[in-house]
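Asks: fold the following.
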Amino acid sequence: MQSGSSGQHTKILVVEDDHELRDQILVPDLIDMGFDVQAAGSALEMYRQLMRGRVDAVVLDVGLPDEDGFSALVHLRQSDDVAVVLLTGRSGSADQIRGLDGGADAYLVKPVESEVLAATLRSVLRRRGRETAGNATATVLKASGWSLALDGWRLTSPAGKQVQLSHAELLLLAALMRTPGAPMSRDDLTKNIVAQLPEFDPYRLEMVVHRLRRKVEDGGAQPLPVRSIRSIGYAWAS
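Replies: Below is the predicted model of the structure:
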């Protein structure tokens, strides 16, 4: 798979012993979102990977087969200043406090959407001053009371409800919000997405719009002001 631009050159190490979650979901999804991703299935493998070269952030499963993730976190904090996002099935407040007090930059409970994990990684790295060149010029687009955070891949409604976006959804909305009220053809929208996300299937555009509308409404925001224009494409309703 080819990487996108938003996380380009940002090196992430995903440490997860569930090979299906790691190799079929987290790693390919993060690559699609522009990160340079390595993987490890145990704490020992993680330490070996880190000895080979520095990474910007570690996504660390707490339930590893050879070492408790909290213990591994302590070792990471003693030896390196790498950002750490804990990813675990433990939702109790005591475990969250233990992880954050132990030096984790963020604590996410499974199951977590890949878009949320990616946004968390970008947020953590921004706080640590490790933005990539691609993120340094990021802006916020605004139209009709809605705002689109290009660096955080986040859409905010006029009422303040936030929706986390996939890469394709971000590119679609950015194109429409830059020219509110002006129709954009399906072909132009597809070309705009493919230019930055080469693996995008052009025939999926309608499905992306459909899922995005449903995601926005399910998230409690008002209806998405993206208007279908028959035989042409879509427009952001101004």
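
Asks: quick one, strands of the protein?
Replies: Per DSSP state E, the chain carries strands over the ranges 11-15, 36-40, 57-61, 83-88, 106-109, 140-143, 146-149, 154-156, 162-164, 184-185, 226-229, 233-236.

Asks: which secondary element of this structure has the worst mean pLDDT?
Replies: helix 133-136 (a mean of 38; mean pLDDT, DSSP states H and E).

Asks: okay, now the domains of this protein?
Replies: Listed by automatic domain parsing, the domain ranges of the chain are 11-133, 139-236.

Asks: mind checking the pLDDT average for the shortest one?
Replies: Domain 139-236 shows a mean pLDDT of 88.

Asks: return the distance of that domain from the chain's centre.
Replies: For domain 139-236, the separation from the chain centroid amounts to 16 Å (computed by C-alpha atoms, centre = their mean, to the nearest Å).

Asks: now do the first one
Replies: On the basis of C-alpha atoms, centre = their mean, domain 11-133 sits 13 Å off its chain's mean C-alpha point.

Asks: dump the residue contacts of the spatially most central residue of the chain.
Replies: In the chain, the residue lying closest to the centroid (C-alpha atoms, centre = their mean) is A118, at 2.4 Å. Shown in contact with A118 (C-beta atoms under 8 Å, 6 or more residues apart in numbering): 7, 29-30, 33, 35, 153. Just so you know, the C-beta spots here come from the backbone N, C-alpha and C atoms, and that holds for glycine as well.

Asks: for it, give me the pLDDT.
Replies: Looking at A118, the pLDDT reads 89.

Asks: quick one: it from H75, how far?
Replies: A118 is 25 Å from H75, where distance means C-beta to C-beta, to the nearest Å.

Asks: where exactly do the helices run in the chain?
Replies: Ranges of helices in the chain, per DSSP state H, are 19-20, 27-32, 43-52, 69-79, 93-101, 114-127, 133-136, 167-177, 186-196, 205-218.

Asks: out of the strands of the chain, which one sits most buried?
Replies: Most buried of these, by mean neighbour count (mean count of other C-beta atoms under 10 Å): strand 57-61, with a mean of 26.
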